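Peer 1: Could you look at this predicted model? Sequence included:
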Amino acid sequence: MTGLEDLPFLGETGHVISLVGGGGKTTLLYALARWYSTQGQRVLVSTTTHIQRPDANYAPDEAARDALWQAGTYAVAGVPAEGGKLTMPPHLADWMAKADTVLLEADGAKRHPCKAPAAHEPVLLRSSDIVLAAAGLSAVGKPLQDVCFRLEAACTLLAVPPETPLTPALLAKLLADDAGGRKSVGTRKFYAVLNQADDKARRAAGEQILAILKETYDVTGYLTHFEEGERA
């Protein structure tokens, strides 16, 4: 199972979906891009901050973008930057207008399974209508200082010291709080995605977090699991 099939907007077109958080966010981004592409949609992947430049599907110009779309796959747009990264291209709005579905990475976590947003994060475009806040279940039970990006902000948000184990309740708050994963979301549709539901124990923790998200924050969440070859 991947869990993607449960997302309520997958059968639709015209969305601009922003992904925030950590713990498999880029894997989720490209899994969604592949799924939408198989539905015959023109899918554009980009970033409002930074994203790792992919080995394939990078579109430096319109010709490359259109060739990828005609081949039935997604196109990745961005301006090359240091460290093999891409930044938001100046032509993003024009390219978005030609896509059926747009997927944007809207903050960074430096490969940590969870994070708290800094003052300048996330970077959500006005046209974005769906926000997915991701976290990795590998973080549950481990000290916050070992698993969380922007630790100081997370400690402030959760009102706990850095050595505190990350419980399901704390991770739910990190995802759903207006100063956490839900920051700046406003009236956009918002969902939490718990990646790395790779074994029975993690799935059980994930189900517990989903229940807290729904009961305490009225946030709908989903569990995902990706095989090794599917991970970014």
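Peer 2: All right, it came through fine. Computed from a predicted model, the values in this text were never measured in an experiment.

Peer 1: Can you tell me the element the nearest residue to Val140 once chain neighbours are set aside falls in?
Peer 2: Of all residues not flanking Val140 in the chain, Ala205 sits nearest, at 4.7 Å (Cβ to Cβ, 6 or more residues apart in numbering). Quick note: C-beta positions are derived from backbone N, CA and C, even for glycine. If you go by DSSP states H and E, Ala205 is part of helix 200-217.

Peer 1: residues in contact with that helix?
Peer 2: Contact with helix 200-217 is made by 137-138, 140-141, 168-169, 171-173, 175-177, 182, 192, 194, 196-197, 219-223, as judged by Cβ atoms under 8 Å, 6 or more residues apart in numbering.

Peer 1: any idea how far Asp198 lies from Thr224?
Peer 2: Applying Cβ to Cβ, to the nearest Å, the value for Asp198 to Thr224 is 10 Å.

Peer 1: do Ala179 as well
Peer 2: From Ala179 over to Thr224 the distance is 25 Å, taken as Cβ to Cβ.

Peer 1: now swap in Leu29 and tell me
Peer 2: From Leu29 to Thr224 the distance is 12 Å (Cβ to Cβ).

Peer 1: what about stretch 56-75, start to end distance?
Peer 2: 9 Å (Cα to Cα, to the nearest Å).

Peer 1: hmm, who's touching that stretch?
Peer 2: Contact with stretch 56-75 is made by 30, 33-34, 36-38, 40, 42-45, 76-78, 86, 95, 103, as judged by Cβ under 8 Å, 6+ apart.

Peer 1: so how far is stretch 132-144 off the chain centroid?
Peer 2: On the basis of Cα atoms, centre = their mean, to the nearest Å, stretch 132-144 sits 13 Å off its chain's mean C-alpha point.

Peer 1: For that stretch, list the C-alpha coordinates in CSV.
Peer 2: What follows is stretch 132-144, C-alpha atoms only, in CSV (Å, rounded to 0.1, in the frame of the first residue of the first chain):
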residue,chain,number,x,y,z
LEU,A,132,-0.3,18.8,2.7
ALA,A,133,1.8,18.8,5.9
ALA,A,134,4.1,15.7,6.0
ALA,A,135,6.0,14.0,8.7
GLY,A,136,7.9,10.7,9.0
LEU,A,137,6.7,8.1,11.6
SER,A,138,10.4,7.2,12.2
ALA,A,139,10.4,10.3,14.5
VAL,A,140,7.9,8.9,17.0
GLY,A,141,9.5,8.1,20.4
LYS,A,142,12.8,9.7,19.7
PRO,A,143,14.2,12.8,21.3
LEU,A,144,12.9,15.9,19.6
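
Peer 1: Okay then, goodbye and thanks.
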